[in-house]
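**Student:** the following block contains a protein sequence and its predicted model.
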Amino acid sequence: MTGESMMLPDRKPVLAGWAAVFRVVEGLWTWYSRNWRATVVSSVLQPLLMLVAFGIGFGSLIATSTRAAQATGGVPYLVYLAPALLAVSAVQTAAFESSYPILSSFKWRRTYEGITATPITPGQLAVGQLTWIALRLIMSGGAYLLVIMLFGVVRGPGVLAAWGFAVLCGMAFSAPLVAFSAAQEQEGGAFTAIFRFVVLPMTLFSGTFFPISQLPRVVQPLAWISPLWHGTELARGAVLGTLQPVAAASHLGYLVVLLMVGVQLTRWQFGVRLTR
Amino acid sequence: MSDSLVQARGLRKRFGEFEAVRGIDIDVRAGEVFGFLGPNGAGKSSTMRMIACVSPRSDGELQVLGMDPDVDGPQIRARLGVVPQQDNLDVELSVRDNLHVYGRYFGMSRAAVRVKATELLDFVQLTDRADDPVEQLSGGMKRRLTIARSLVNDPELMLLDEPTTGLDPQARHLLWDRLFRLKQHGATLIITTHYMDEAEQLCDRLVVMDGGLIVAEGSPQELITRYSTREVLELRFPPGAEASWPETLRDLADRVEQLPDRLLLYAADGEAVLAAAHRRGVQPTSTLVRRSTLEDVFLRLTGRSLVH
């Protein structure tokens, strides 16, 4: 190395906002491309097991039930369940990607500190991190779609819309959770509570396995605030072709608002934590 | 606008009720190695974070590379090289990947980053570890990689926050050697440290910080001349025996400091004081005559020793 080359100042202008966000995504992709193996289990194997256990195992049990047929609108249980599991899988992947890895990047790995020592701002980092999670959801959703194709459940182009709705649903949950994770100072004990008291009940009572109309009337409003219920309605409606415009618009509206609020909270919280 | 790379006037940093930096003035000139010397909690790291444009100042004026961090943070950071106190390398990536990924944050092209990474790995003597995951590196190697990473954008100013804390002596010397090389190439470095030997080795000019304030400023030699004597006589006594001696010896030296385990007698000629002490019947278990260091300066200025 020569002195001349070392001291030549870098006169390049700072990256524009979107380009900086893209560089953050690229950094996260580099990490993923070296460490992706661990995520295959959760994104492919888990939905596969769910499909087999509930769709085929449980589905065969209720195949002759008239009440079950009424609840599912007359479609086979596997077909009823598959698009909803797409949304569940998006929310679960989002929950995982938006909790410990975020806290770790602040607290243990401290990689966020390294990134914001460069021209990248905390806000660009926040948007880049969320964009990366969205890409992860798109990828794991795609893997899941391949799995249900193997089951022969896929029905036409509605599946592609369901894929998009599932990703939106996952992000509507991810963005507020990332903001929450960015505010955690301790060892992440709060995540256990999130998984136990938010993710698990949401998975069980968002109309995934049965319509929420089967729930006690007082519990139903809890499903209404769950992004997973809105995502499930959209994904299932898209696949079964039963989506009504007004209902679809309100489900979409709810998810988009949740996402927007979450993005703003994340940007704000990243700024607070990284510029103390 | 002055020709200082960093200029601060009345710079302050508050965290709620606590004021970590309580109004300091600094000027760092191009091509010098400037040091912040002080114990933990003196306000060194808070000052560094303000200069690094990652922590907004609470009060006062600050200009870095002629710009205001509150306004031009990203533009300034594009021209800085930062070595943080705690390593924040991505330990799950390889040595080379760490440089590649980091260079890209500065907007560099892939080709430019590749060339630069190879050059820097050579500079920090990690070429043969290029493809190893960072978690397999020793502490000293990680530090060197962090220094390489901070150079990826050809910075005009480098900020090193306690670069050798926690390293063994050999690793420290290897690191100092690399920093010397940078200095010879005309780099401007700002270093914080609580090691006086590090400050003496590396710094052209330094400020001594204590309790959020600058208590002295100058070159290591100037500070020693101004605040200490040429030599120091250290006398060690059996536990419990040292308490009675200071009064007997006080008039022999310019100044006497009593530490838990020894007495320090400051004088131009340490051997002469030792001879005089012996004549008065003082019988220490061991004696040492040495030159004054920044440690003595710090003791004089704050009444406390720097490293415990």
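**Tutor:** Looks like it arrived, so ask away.

**Student:** just the buried residues of stretch B:131-151, please?
**Tutor:** Across stretch B:131-151, burial judged by 16 or more other CB atoms under 10 Å in any protein chain shown covers B:133-134, B:137, B:140-151. In short, each C-beta sits where N, CA and C put it, glycine included.

**Student:** measure it end to end?
**Tutor:** Using CA to CA, to the nearest Å, the end-to-end distance of stretch B:131-151 comes out at 19 Å.

**Student:** for that stretch, give the mean pLDDT please.
**Tutor:** Stretch B:131-151 shows a mean pLDDT of 96.

**Student:** chain A next: which of the buried residues of stretch B:131-151 are close?
**Tutor:** The subset of the buried residues of stretch B:131-151 within reach of chain A, by CB under 8 Å from any CB of the partner chain, is B:149, B:151.

**Student:** just the buried residues of stretch B:131-151 now: which is nearest residue A:114?
**Tutor:** residue B:149 (8.0 Å; CB to CB).

**Student:** residue A:106 and residue A:182 touch, don't they?
**Tutor:** Yes: between residue A:106 and residue A:182 a contact is recorded at 6.6 Å, counting by CB atoms under 8 Å.

**Student:** which neighbours do these two have in common?
**Tutor:** residue A:273 (CB atoms under 8 Å, 6 or more residues apart in numbering or on different chains).

**Student:** show me the buried residues of stretch B:131-151 that map onto strands.
**Tutor:** The strands, defined by DSSP state E, take in nothing from the buried residues of stretch B:131-151.

**Student:** closest to chain A among the buried residues of stretch B:131-151?
**Tutor:** Comparing the buried residues of stretch B:131-151 against chain A with CB to the nearest CB places residue B:151 closest, at 6.9 Å.

**Student:** returning to what we had before: between residue A:106 and residue A:182, which is the more surrounded one?
**Tutor:** residue A:182 (26 against 19; other CB atoms under 10 Å in any protein chain shown).

**Student:** ok, the closest residue to the more buried one other than its chain neighbours - how many residues close by?
**Tutor:** Closest residue to residue A:182 apart from its sequence neighbours, by CB to CB, 6 or more residues apart in numbering or on different chains: residue A:269 at 4.2 Å. A count of nearby residues for residue A:269, using other CB under 10 Å, gives 19.

**Student:** what strand or helix carries residue A:269?
**Tutor:** helix A:245-274 (DSSP states H and E).

**Student:** just residue B:125 next, same as before
**Tutor:** When elements are assigned from DSSP H and E, residue B:125 belongs to no helix and no strand.

**Student:** gap between the closest residue to it other than its chain neighbours and residue B:3?
**Tutor:** Distances taken as CB to CB, 6+ apart put residue B:144 closest to residue B:125, at 7.0 Å, once the chain neighbours are dropped. Going from residue B:144 to residue B:3 by CB to CB, to the nearest Å gives 31 Å.

**Student:** what's the neighbour count on residue 56?
**Tutor:** Going with chain A. Counted with other CB under 10 Å, the neighbours of residue A:56 add up to 14.

**Student:** try again with chain B
**Tutor:** A count of nearby residues for residue B:56, using other CB under 10 Å, gives 14.

**Student:** relative to residue B:62, how far out is it?
**Tutor:** Separation of residue B:56 from residue B:62 (CB to CB): 9 Å.

**Student:** can I assume residue B:10 sits in a strand?
**Tutor:** Yes: under DSSP: H, G, I helix; E, B strand; the rest coil, residue B:10 falls within a strand.

**Student:** for it, give its distance to residue B:43.
**Tutor:** Residue B:10 is 14 Å from residue B:43, where distance means CB to CB.

**Student:** so which of those two has more stuff around it?
**Tutor:** Set residue B:10 next to residue B:43 and count neighbours by other CB under 10 Å: residue B:43 wins out with 24 against 13.

**Student:** quick one: name the residues of the stretch 1-150 of chain B near chain A.
**Tutor:** Near chain A, when you scan the stretch 1-150 of chain B using CB under 8 Å from any CB, you find B:15, B:52, B:54-56, B:73-75, B:77-80, B:82, B:84, B:86-94, B:97, B:100-102, B:104-108, B:119-120, B:122-123, B:149.

**Student:** any of the residues you listed buried? List them.
**Tutor:** Burial by neighbour count, 16+ other CB under 10 Å: within the residues of the stretch 1-150 of chain B next to chain A this picks out B:52, B:54-55, B:73-75, B:77-80, B:82, B:84, B:87-91, B:93-94, B:97, B:100-102, B:104-108, B:119-120, B:123, B:149.

**Student:** residues contacting the closest residue to residue A:230 other than its chain neighbours?
**Tutor:** Using CB to CB, 6+ apart and skipping the chain neighbours, the partner closest in space to residue A:230 is residue A:251 (4.1 Å). Going by CB under 8 Å, 6+ apart, residue A:251 touches A:230-231, A:233-234.

**Student:** tell me which helix or strand residue 89 sits in.
**Tutor:** Since you didn't name a chain, this refers to chain A. Using DSSP H and E, residue A:89 falls in helix A:77-97.

**Student:** not quite, go with chain B.
**Tutor:** Short version, using DSSP H and E: residue B:89 is in no helix or strand.

**Student:** re earlier: how about the contacts made by the residue nearest to residue B:125?
**Tutor:** Contacts of residue B:144 by CB under 8 Å, 6+ apart are B:124-126, B:174-175, B:178.

**Student:** about what we covered before: taking the residues of the stretch 1-150 of chain B next to chain A one by one, which sit in helices?
**Tutor:** Members of the residues of the stretch 1-150 of chain B next to chain A lying in helices (criterion: DSSP state H): B:73-75, B:77, B:97, B:100-102, B:104-105, B:119-120, B:122-123, B:149.

**Student:** farthest-separated two in those residues?
**Tutor:** B:73 and B:122 (31.8 Å).

**Student:** helices along the stretch 101-250 of chain A, start to end?
**Tutor:** All helices of the stretch 101-250 of chain A, identified by DSSP state H, counting those that start in this stretch, fall at A:111-115, A:122-150, A:158-182, A:189-194, A:200-204, A:220-225, A:227-240, A:245-274.

**Student:** what sits up against the first one?
**Tutor:** Looking back up the chat, that one is helix A:111-115. Contacts to helix A:111-115, defined as CB under 8 Å, 6+ apart, come from residues A:24, A:27, A:105-106, A:122, A:125, A:270, A:274, B:54, B:84, B:88-90, B:102, B:105, B:149.

**Student:** return the member of the residues you listed nearest to residue B:245.
**Tutor:** residue B:84 (45.2 Å).

**Student:** that closest one contacts residue B:162, correct?
**Tutor:** No: contact criterion CB under 8 Å: residue B:84 and residue B:162 do not qualify, at 9.0 Å.

**Student:** which neighbours do residue B:10 and residue B:43 share?
**Tutor:** Contacts common to residue B:10 and residue B:43, judged by CB under 8 Å, 6+ apart, are residue B:24.

**Student:** for chain B, what are the nearby residues on the stretch 101-250 of chain A?
**Tutor:** Going by CB under 8 Å from any CB, the residues of the stretch 101-250 of chain A near chain B are A:109-111, A:113-121.

**Student:** okay, now the domains of chain B?
**Tutor:** Structurally, chain B divides into domains by automatic domain parsing as follows: B:4-218, B:229-291.

**Student:** from the ones you listed, which stretch is densest packed?
**Tutor:** domain B:4-218 (a mean of 19; mean count of other CB atoms under 10 Å in any protein chain shown).
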